[in-house]
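Asker: Give the three-dimensional model of this entry:
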Amino acid sequence: MRTLNSHIEIALDHYARQIEEHFNSPLFSYTGQIHPAFLVSFLENIESVVDKISEKARRNNPYGNPKRLIVVLSTPGGVAEAVEKMVDIIRNHFEEVFFVVPAAAMSAGTIFCMSGDKIYMDYASSLGPIDPQVPNPEGQLVPALGYIDKVQELIEKSSANGISQAELLMLQRLDLATLRRYEQARELSISLLKEWLIQYKFKDWVNHRTSHPGTPVTQAEKEQRAEEIATNLSDNKLWHSHGRMIGIKKLTTDLKLEIEDYTNEGDLRDNLRPYSELLTEYSENQGLPVLMHTPKLL
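Answerer: Numbering: from 1, shown residues only. Alright, predicted model coming up:
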C-alpha cells in the first residue's frame with residue numbers, strides 16, 4: 001500500500017506541476033468538505049505554498065506570477081464562516097486568486113469561488129446555489145435554506161388557517177435560536193458573496209461591454225450586479241434543490257457571471273481532469289474528509 005500511495009503522490013505532483021506551468025503560478029488544491037475543523041491544516045498548507053515560492057526564488061527558478069494562487073477546488077460545500085477565514089488567509093499572501101473547478105464546487109464552495117479574480121470551468125463543471133450548511137441540534141450539517149423555506153411555508157399555512165395538526169405541532173416545537181442561526185448563515189453567505197464580487201471579481205470591470213459599450217461602470221452598477229447574482233444564487237424557489245448543479249452556460253447567460261471557459265484548452269483539460277479524479281479517488285480510498293495538495297519542489 002505504501003508503494004501504491006507513493007505512486008499516487010508522484011502522479012498528483014506531476015499533474016499539478018503541469019497546471020502550474022500553464023498558469024506560471026503556484027497551485028493549491030482543496031478536495032472535500034469546508035469546515036472550521038480543517039482551518040489549522042488549511043493555514044499550514046497555504047504557508048507551505050508561500051515557503052515553496054520563496055524556495056523557488058532562492059534557487060533562481062521563480063514563478064512568473066508568484067503573487068497569484070491557483071486554487072483547484074472540488075467540494076460539496078460546508079460552513080460559510082470557514083470560507084470567510086480561508087479567504088482571509090489566502091488574501092494575506094496573494095494579490096490574485098484564480099479558482100479552477102474541474103468538477104463541482106457547491107454551496108459554500110460557490111461562495112469561495114466568488115472571492116476569486118477569475119473562475120475557470122469547462123462544459124462539465126458546476127457551481128451550486130449558495131445554501132450554507134449549518135449544524136442542527138444533533139450536530140449534523142444541514143442546508144439552511146431548506147429549513148428556512150419549510151418554516152416559512154408552515155407560517156403561511158397557519159396564517160391562512162390551512163395548517164394540519166401535525167404541521168402545527170412541528171411549528172410549536174420550533175427552536176427560535178436554531179432558526180435565527182440558519183437565517184444568519186443565509187445573510188452571511190449573501191453578504192460575503194456581494195462583498196467579494198465587488199472587491200475581486202468586478203475589480204477589472206471598468207467599462208460596459210454589451211449595454212452602452214465603452215461607458216464607465218459605476219460603483220452603484222457593480223453593487224446592483226452583485227446584488228442580482230447573490231439574490232439569484234440564494235433563491236431556493238429558482239433552483240429547487242440544495243444539490244442543483246449549475247453549469248457554465250446558465251451561469252454566463254442567466255446570471256451573466258463572467259467565467260473563463262477552458263473547454264477547448266486541451267493541454268489544461270488533459271491535466272486537470274485526471275488530477276481532480278485522482279484527488280477524489282485517493283481521498284475516498286483513504287477515508288479522508290478533506291485532501292489538500294500542492295506539488296513538492298523537484
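
Asker: Averaged over its residues, which helix or strand of this protein has the lowest pLDDT?
Answerer: Using mean pLDDT, DSSP states H and E, helix 165-172 stands out as the lowest-scoring helix or strand of the chain, at a mean of 64.

Asker: I'd like to know which elements the helix or strand following it is packed against.
Answerer: Counting by DSSP states H and E, the element after helix 165-172 in chain order, helix or strand, is helix 176-196. If contacts are counted by 3 or more C-beta pairs under 8 Å, 6 or more residues apart in numbering; DSSP states H and E, helix 176-196 sits against helix 80-93, helix 108-113, strand 133-135, helix 144-159, helix 219-233. Every C-beta, even on glycine, is put in place using the N, C-alpha and C of the backbone.

Asker: and the angle for helix 176-196 with helix 219-233?
Answerer: Counting by axes from the mean of the first three to the mean of the last three C-alpha atoms, to 10 degrees, helix 176-196 lies at 140 degrees to helix 219-233.

Asker: Enumerate the positions of helix 176-196 that are buried.
Answerer: Of all the residues in helix 176-196, those buried under the rule 16 or more other C-beta atoms under 10 Å are 182-183, 185-186, 188-190, 192-196.

Asker: Farthest pair within those?
Answerer: Tyr182 and Trp196 (21.7 Å; C-beta to C-beta).

Asker: between the buried residues of helix 176-196, which is closest to Pro213?
Answerer: Distances from Pro213 to the buried residues of helix 176-196, taken by C-beta to C-beta, are shortest for Lys194, at 25.4 Å.

Asker: List the contacts of that closest one.
Answerer: When contacts are counted by C-beta atoms under 8 Å, 6 or more residues apart in numbering, Lys194 touches 223, 226-227, 230.

Asker: show me the contacts for the residue positioned nearest the centre of the chain.
Answerer: Centroid-nearest residue in the chain: Gly109, 2.3 Å away (criterion: C-alpha atoms, centre = their mean). If a contact means C-beta under 8 Å, 6+ apart, then Gly109 has 34, 73-78, 127-128 as its contacts.

Asker: Quick check: Thr75 touching Ala108?
Answerer: Yes: if you go by C-beta atoms under 8 Å, Thr75 and Ala108 touch, sitting 7.3 Å apart.

Asker: who's more crowded, these two?
Answerer: More crowded of Thr75 and Ala108, by other C-beta atoms under 10 Å: Ala108, with 30 against 24.

Asker: before we move on, back to that, tell me the buried residues within the contacts of Lys194.
Answerer: Buried among these (16+ other C-beta under 10 Å): 226, 230.

Asker: From the contacts of Lys194, pick the one nearest Pro66.
Answerer: When the contacts of Lys194 are compared for distance to Pro66 (C-beta to C-beta), Ala226 wins out at 29.2 Å.

Asker: Look up how far Trp205 lies from the closest one.
Answerer: Relative to Trp205, Ala226 is positioned 11 Å away (C-beta to C-beta, to the nearest Å).

Asker: Same check on Pro102?
Answerer: In this view, Pro102 and Trp205 are 26 Å apart by C-beta to C-beta.

Asker: The two: who's more crowded?
Answerer: Neighbour tally, Pro102 and Trp205, criterion other C-beta under 10 Å: the higher count belongs to Pro102, 27 against 15.

Asker: ok, that one - contacts?
Answerer: 72, 74, 122, 125, 272-273, 275-276.

Asker: Likewise for Asn24?
Answerer: Contacts for Asn24 (C-beta under 8 Å, 6+ apart) come out as 63-65.

Asker: just to revisit the earlier point, among the contacts of Pro102, which are in helices?
Answerer: When DSSP state H is applied, the contacts of Pro102 are split such that 272-273, 275-276 fall in helices.

Asker: I'd like to know which of the contacts of Pro102 is nearest to Ala16.
Answerer: Nearest to Ala16 out of those is Tyr275 (C-beta to C-beta; 6.3 Å).

Asker: So that closest one sits against Ser29, correct?
Answerer: Yes: look at Tyr275 against Ser29 with C-beta under 8 Å: they come within range, at 7.5 Å.

Asker: what do those two both touch?
Answerer: Residues touching both Tyr275 and Ser29 by C-beta under 8 Å, 6+ apart: 16, 72.

Asker: Distance-wise, check Arg17 relative to Lys296.
Answerer: Distance from Arg17 to Lys296, by C-beta to C-beta: 9 Å.

Asker: can you pull the contacts of Ile229?
Answerer: By C-beta under 8 Å, 6+ apart, Ile229 lies in contact with 193, 197, 255-257.
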